[in-house]
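Novice: Okay, structure incoming, though there's no sequence with it:
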């Protein structure tokens, strides 16, 4: 039997670390933040985890400092607070904040850290979109987040840097046009993005998303996500293999 004390000690967002490619895993750790795709590896072997803060009673985004950055020691699992992403003021309602959560961050070769954040409006006119913020000091301070997509453009994002130098971010679209998985590309390190390229479209509703992409050995891409394949069918995990048709020139 599990005692109430044991349950409380393990209740929340948890993680375990493997140092042998998943053969074995270390102890369970509790995290003060959460994100769908977890941390990103830094050049020194440490992990940078940018996530949304959650209340102790589960799954309620809190403010201020809705998104925070932590350094994770991969050998001990210890998390050290680095800094917070500025909250996003609602542009048409004084004092009201947009909800920021489900971020993902990636470190670029020049040392900058780029982070995409899922942003929604807590009530009122629907919003489901992506904002971007950057850090030049390892995650301690961040620029004010700015929008990348139409307010209904889609989220959350998973970012990789392709061997060509291009940044690729995949995200789900649920409100703008036909639901599906879309990708955006940047050839200038995230300064600008070519958005809304359709990777997959669904005929069975907007319950889909959370894509993640890896580059294969031949340079092609594999994106994994969830979606429905029939009106009365449960959601399943799907994959789409595709290729990037341009290279980055410096």
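Specialist: Done, it's in. Since this is a predicted model, take the numbers as computed values, not measurements. Residues are numbered from 1 along each chain as shown.

Novice: contacts, neighbours, all on C-alpha from now
Specialist: Will do.

Novice: Quick test: name the residue nearest the centre of the chain.
Specialist: By CA atoms, centre = their mean, the chain has its centre lying nearest to residue 104, at 3.1 Å.

Novice: From the contact counts, what lies against the helix or strand of the chain with the lowest mean pLDDT?
Specialist: When each helix and strand of the chain is scored by mean pLDDT, DSSP states H and E, helix 4-10 comes last, with a mean of 81. With contacts taken as 3 or more CA pairs under 8 Å, 6 or more residues apart in numbering; DSSP states H and E, helix 4-10 sits against no other helix or strand.

Novice: starting at the chain centroid, how far to it?
Specialist: Centroid displacement of helix 4-10 relative to its chain, using CA atoms, centre = their mean, to the nearest Å, is 28 Å.

Novice: List of residues touching it?
Specialist: residue 30 (CA atoms under 8 Å, 6 or more residues apart in numbering).

Novice: If you count neighbours, what's buried in it?
Specialist: For helix 4-10, a neighbour-count test (16 or more other CA atoms under 10 Å) marks nothing as buried.

Novice: Check stretch 218-225 too.
Specialist: For stretch 218-225, burial by neighbour count (16+ other CA under 10 Å) applies to 221, 222, 223, 224, 225.

Novice: Test of understanding: give the bridge partners of the first one.
Specialist: Each beta-bridge partner of residue 221 is listed here: residue 215, residue 242, as defined by DSSP bridges.

Novice: With the last one instead?
Specialist: For residue 225, the residues forming beta bridges with it (DSSP bridges) are residue 238.

Novice: shouldn't it be in contact with residue 213?
Specialist: No - using CA atoms under 8 Å, residue 225 is not in contact with residue 213; the gap is 9.0 Å.

Novice: quick one: which of the buried residues of stretch 218-225 is nearest residue 119?
Specialist: Within those, distances to residue 119 taken as CA to CA reach their minimum at residue 225, with 19.7 Å.

Novice: On the C-terminal side of the least confident helix or strand of the chain, identify the next helix or strand.
Specialist: Going down the chain from helix 4-10, the next helix or strand is strand 13-15, by DSSP states H and E.

Novice: Which neighbouring elements make contact with that next one?
Specialist: Using 3+ CA pairs under 8 Å, 6+ apart: strand 13-15 touches strand 29-31.

Novice: For the strand it packs on, buried residues please.
Specialist: Here strand 29-31 shows 29, 30, 31 as buried, counting by 16+ other CA under 10 Å.

Novice: ok so, going back, overlap in contacts of residue 225 and residue 213?
Specialist: In contact with both residue 225 and residue 213: no residue, using CA under 8 Å, 6+ apart.

Novice: quick one on the thing from earlier: next up, the contacts around the residue nearest to the centre of the chain.
Specialist: 35-39, 50-51, 115-117, 157-159.

Novice: Would you list the phi and psi of it?
Specialist: Main-chain dihedrals, residue 104, degrees, to the nearest 10: phi -150, psi 140.

Novice: List the beta-bridge partners for it.
Specialist: residue 116.

Novice: In space, what's closest to residue 167 - neighbours in sequence excluded?
Specialist: residue 161 (4.5 Å; CA to CA, 6 or more residues apart in numbering).
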